[in-house]
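Asks: Got a sequence here, can you model it:
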Amino acid sequence: MLVPPITTNNQPVADKIETLVDRIIDLKKDSQDTSHLENQIDQLVYRLYNLTPEGIGVVEG
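Replies: Numbering: from 1, shown residues only. As a prediction, this is how the structure comes out:
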């Protein structure tokens, strides 16, 4: 599967992912738990790819 191009429709999702990644990087410097942020990124990526619950099950399976 290719990375979906950034469009005006999905730009907010891409921006949110970028913000979360930056936050994770900062927290990891202090060895803090970032699993909650990583889960948020997972959900945003699923939305970018328009995955169905079945597709998400395959990815997480």
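
Asks: make it CA atoms for all contacts and neighbour counts henceforth
Replies: Fine.

Asks: Okay, now the unreliable bits of the chain?
Replies: By pLDDT under 70, the low-scoring segments of the chain are 1.

Asks: Helices along that one, start to end?
Replies: For the chain, the helices defined by DSSP state H occupy 11-29, 35-48, 53-60.

Asks: do you know how far the closest residue to residue 34 other than its chain neighbours is from residue 53?
Replies: Of all residues not flanking residue 34 in the chain, residue 24 sits nearest, at 6.0 Å (Cα to Cα, 6 or more residues apart in numbering). Distance, residue 24 to residue 53, by Cα to Cα, to the nearest Å: 26 Å.

Asks: which one of those two has more residues nearby?
Replies: Taking other Cα atoms under 10 Å, residue 24 and residue 53 do not tie; residue 24 has more neighbours (18 against 10).

Asks: How about the contacts made by the more buried one?
Replies: 34, 37-38 (Cα atoms under 8 Å, 6 or more residues apart in numbering).

Asks: 10 Å instead, please
Replies: 18, 32-38 (Cα atoms under 10 Å, 6 or more residues apart in numbering).

Asks: could those residues go into TSV alongside neighbour count and distance to residue 58?
Replies: Shown next, in TSV, are the contacts of residue 24 (neighbours: other Cα atoms under 10 Å; distance: Cα to Cα, whole Å):
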residue	neighbour count	distance to residue 58
18	13	25
32	11	29
33	11	26
34	16	23
35	10	20
36	10	21
37	15	21
38	15	18
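
Asks: List of residues touching stretch 52-61?
Replies: By Cα under 10 Å, 6+ apart, stretch 52-61 touches 42-43, 46-47, 49-51.

Asks: Return the distance of that stretch from the chain's centre.
Replies: 15 Å (Cα atoms, centre = their mean, to the nearest Å).
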